[in-house]
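>>> sequence first, then the predicted structure:
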2 protein chains.
Amino acid sequence: MNSLEAEATAQEPQTPDVTELILQDILAGRLPPGTWLKQIDLERRYNCTRPEVRRALDRLVQKRLVEHIPNRGYHVHEQDGRRAQEVSDIRVILEVAVSDRIIANASTADIAKLRTLALRFDDLVLNGTMLELYEANLAFHRHLLALAGNQELVELITEIRQRTSSAPVSQWRTRARIEQSGREHQQMVDAIERRDVSHLMELTRKHILQA
Amino acid sequence: MNSLEAEATAQEPQTPDVTELILQDILAGRLPPGTWLKQIDLERRYNCTRPEVRRALDRLVQKRLVEHIPNRGYHVHEQDGRRAQEVSDIRVILEVAVSDRIIANASTADIAKLRTLALRFDDLVLNGTMLELYEANLAFHRHLLALAGNQELVELITEIRQRTSSAPVSQWRTRARIEQSGREHQQMVDAIERRDVSHLMELTRKHILQA
DNA sequence: GGATCATAAATTGGCGCCAATTTGATTACC
DNA sequence: GGTAATCAAATTGGCGCCAATTTATGATCC
């Protein structure tokens, strides 16, 4: 939703939710998989108290993003190839299945909005951080899914996306792949505009599987 | 997984995860939607410390089972008809979509195991608590889904099931409906044994939607 | 010289206290 | 008699300390 307003690492004395800050650092690849998250380090890094760190770590464990070993500590969950594949499979099933609803509900305004978001993604390919790109991509997919008329579905897919793709860097290996993703976004909007359900389904399937 | 070994409310001095205890009480309907979860009450009810209560409450908020209002407190999330409908829709999409994989992977042993679980459900209809029935039902559906060969899918559906069906009582309103569910379980196993994909899909769809 | 044990440093994790906010009741006032 | 303001009780929530466990280091023994 809101892009990154916490660009300065730890400057402001206010408390903008430590969980979100750690999450973004993991997503941005600043805390790579396997990294041990020592409570004192986090306390200093985010300029917060011990209980806040603990609460954040516990939440991230619930989200399956970090692993907890009793009396040993917390570390960023290793990338699991099988799990990533399984999540992709789930996404394909769901997003392909609601393609018809998306097309049925998409108004002219919705399509315009999707184009804007797709363009923003393309723009950030050239000049933008990996995190910004990640969030722009997420925004596009969230608005797309929202058209299916099932709010829970939007939240659910947002959740399971985070669950595996620890570092977005590992998602899009090359710039060529990123640019390809951008083009696919455009094609998906085109398909929606033409009300071509089967084409949208095929585009969605490919887009997710090779992301 | 493990059935209820914490039958005695709060007797043993050990700490068998307070989160799970509160969760079960919500699921069993002992803590109806809307109930305010005062920290002192929980502290006494489950014979645990303040920080444990807080951690449990925070986790349940993450699971969307309780709602948190800052400086006001925590209360069991109200049953949301729309959300329940949306979760059912998601379940239908997913479980119908993997029907073919379930049938492709189901061995003779798997089918026998499913029959056992279905029978256990039927048995508990007569003599068993609501919670036991709920867990037997969950066990059947988990084993069924596991045959699709996607572990994440099993965990995901288990999660979203909990997310809405606050009180399992509200799921199966009448005993007639429960017995009908039991028969449908049997029919689903029959369909798997006959390798009748389309029939399993139709049974699954109806079973979920009118549960 | 290498391995093992003991000791010390560091880290995790449990626990209780106290301030801030809210709720309910009593009192004063219109 | 009803309403509004004030005060007290209760509840939430932040914070730091200390014990338990683990890890690293160094000394001793084989």
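Great, that's in hand.
>>> I figured A:Tyr74 hits A:Ala56, correct?
No - taking contacts as CB atoms under 8 Å, A:Tyr74 lies outside contact range of A:Ala56: 9.7 Å. C-beta coordinates here come from the backbone N, C-alpha and C atoms, glycine included.
>>> show me what the helix or strand containing A:Val92 is packed against.
When secondary structure is defined by DSSP states H and E, A:Val92 falls within helix A:81-97. Helices and strands touching helix A:81-97, as assessed by 3 or more CB pairs under 8 Å, 6 or more residues apart in numbering or on different chains; DSSP states H and E, comprise helix A:151-164, helix A:197-209, helix B:81-97, helix B:151-164.
>>> nearest to DNA strand C, out of the ones you listed?
Each of the helices and strands packed on helix A:81-97 was scored for nearness to DNA strand C using CB to the nearest atom of the strand, and the closest is helix A:151-164 (21.5 Å).
>>> and the angle from the closest one to helix B:81-97?
For helix A:151-164 against helix B:81-97, the angle by axes from the mean of the first three to the mean of the last three CA atoms, to 10 degrees is 60 degrees.
>>> just give me the neighbour total for A:Thr164.
A:Thr164 sits with 22 neighbouring residues when counted by other CB atoms under 10 Å in any protein chain shown.
>>> ugh, wrong one, A:Arg195
Around A:Arg195 there are 12 residues (other CB under 10 Å).
>>> got the contact list for it?
A:Ile103 (CB atoms under 8 Å, 6 or more residues apart in numbering or on different chains).
>>> residues of chain A that sit close to DNA strand D?
When proximity is defined by CB under 7 Å from any atom of the strand, chain A lies next to DNA strand D at A:49-52, A:71-72.
>>> export those residues to a markdown table and tack on pLDDT?
Rendered in a markdown table, the data for the residues of chain A next to DNA strand D read as follows (pLDDT from 0 to 100):
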| residue | pLDDT |
| --- | --- |
| A:Thr49 | 91 |
| A:Arg50 | 93 |
| A:Pro51 | 94 |
| A:Glu52 | 93 |
| A:Asn71 | 91 |
| A:Arg72 | 92 |
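>>> which one of those is nearest to DNA strand C?
Within the residues of chain A next to DNA strand D, proximity to DNA strand C (CB to the nearest atom of the strand) peaks at A:Asn71, which comes in at 5.0 Å.
>>> do you know how far the closest one is from chain B?
As judged by CB to the nearest CB, to the nearest Å, A:Asn71 and chain B stand 15 Å apart.
>>> any idea which helix or strand in chain A has the lowest mean pLDDT?
Sorting the helices and strands of chain A by mean pLDDT, DSSP states H and E puts helix A:168-171 at the bottom, at a mean of 58.
>>> for chain A, just list every one of the strands.
Using DSSP state E, the strands of chain A run over residues A:66-69, A:73-76.
>>> could you point out which of these sits nearest chain B?
strand A:66-69 (12.3 Å; CB to the nearest CB).
>>> what comes up buried for the closest one?
For strand A:66-69, the buried set under the neighbour-count rule, 16 or more other CB atoms under 10 Å in any protein chain shown, comprises A:66-67.
>>> what comes into contact with it?
Residues from elsewhere that reach strand A:66-69 (CB under 8 Å, 6+ apart): A:26, A:37, A:57-58, A:60-61, A:74-78.
>>> and what of stretch A:136-150?
Residues external to stretch A:136-150 that are found in contact with it (CB under 8 Å, 6+ apart): A:1, A:95, A:98, A:101-102, A:105-106, A:110, A:113-114, A:117-118, A:120-121, A:124, A:128, A:153-154, A:157-158, A:161, A:181, A:185, A:188, B:86, B:89-90.
>>> now it - C-alpha only, PDB.
In PDB, the C-alpha atoms belonging to stretch A:136-150 read as follows (Å, rounded to 0.1, in the frame of the first residue of the first chain):
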ATOM      1  CA  ALA A 136       5.200  -2.300  -7.500                       C
ATOM      2  CA  ASN A 137       4.800  -5.800  -8.700                       C
ATOM      3  CA  LEU A 138       2.800  -6.700  -5.600                       C
ATOM      4  CA  ALA A 139       0.600  -3.700  -6.100                       C
ATOM      5  CA  PHE A 140      -0.200  -4.700  -9.600                       C
ATOM      6  CA  HIS A 141      -1.100  -8.200  -8.700                       C
ATOM      7  CA  ARG A 142      -3.100  -7.100  -5.700                       C
ATOM      8  CA  HIS A 143      -5.300  -4.800  -7.800                       C
ATOM      9  CA  LEU A 144      -5.600  -7.500 -10.400                       C
ATOM     10  CA  LEU A 145      -6.800 -10.100  -7.900                       C
ATOM     11  CA  ALA A 146      -9.100  -7.600  -6.200                       C
ATOM     12  CA  LEU A 147     -11.200  -7.600  -9.300                       C
ATOM     13  CA  ALA A 148     -12.200 -11.200  -8.600                       C
ATOM     14  CA  GLY A 149     -14.300  -9.800  -5.800                       C
ATOM     15  CA  ASN A 150     -12.800 -11.900  -3.100                       C
END
